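# Predicted coordinates and the sequence they were generated for:
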Amino acid sequence: MKLTINGDVKEIKDGIVLSELLVIEDVEQPDMVSVQLNDEFLIKDTYATTTLKEGDEINFLYFMGGGA
């Protein structure tokens, strides 16, 4: 199936859940990433039960702290 991941269209096997995609995409610090699926932020507890489907748009977002 085709998914758009951080703006890039990629071919990914059918029937995977979001937690598997984090591994496939080698997401750094998966505990520190927020995931947006089709413009909706997901709760981390749902990653293992959220099955992805053809045409989904996924964004991995890292929030950075900082300041002076």
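Received the coordinates, thanks. From a predicted model like this one, the values you see are computed outputs, not experimental measurements.

# Pull up the pairing partners for the strand or helix carrying Ile58, direction included.
Secondary structure assignment for Ile58, by DSSP states H and E: strand 57-62. On the basis of DSSP bridges, the sheet neighbours of strand 57-62 come out as strand 2-5 (parallel), strand 33-37 (antiparallel).

# want to try TSV for those, with mean neighbour count and mean pLDDT as columns?
(C-beta placed from N, C-alpha, C; glycine too.) TSV is the format used below for the strands paired with strand 57-62 (neighbours: other CB atoms under 10 Å; pLDDT from 0 to 100):
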stretch	mean neighbour count	mean pLDDT
strand 2-5	16	98
strand 33-37	16	95
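
# Make a markdown table out of those strands and add distance to Glu54.
Shown next, in a markdown table, are the strands paired with strand 57-62 (distance: least, CB to CB, whole Å):
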| stretch | distance to Glu54 |
| --- | --- |
| strand 2-5 | 6 |
| strand 33-37 | 13 |
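
# low-confidence ranges in this protein?
When residues are selected by pLDDT under 70, those of the chain lie in 65-68.

# just the helices in this protein please.
18-24 (DSSP state H).

# who's in contact with Asp14?
Counting by CB atoms under 8 Å, 6 or more residues apart in numbering, Asp14 touches Met1.

# Phe60 versus that one, what's the distance?
Per CB to CB, to the nearest Å, Asp14 is found 21 Å from Phe60.

# what's the answer for Leu22, then?
8 Å.

# Quickly list what's touching both of the two.
Residues touching both Leu22 and Phe60 (CB under 8 Å, 6+ apart) are Val33, Val35.

# can you pull the buried residues of the strand holding Ile58?
Neighbour counts using 16 or more other CB atoms under 10 Å place Ile58, Asn59, Phe60 of strand 57-62 among the buried residues.
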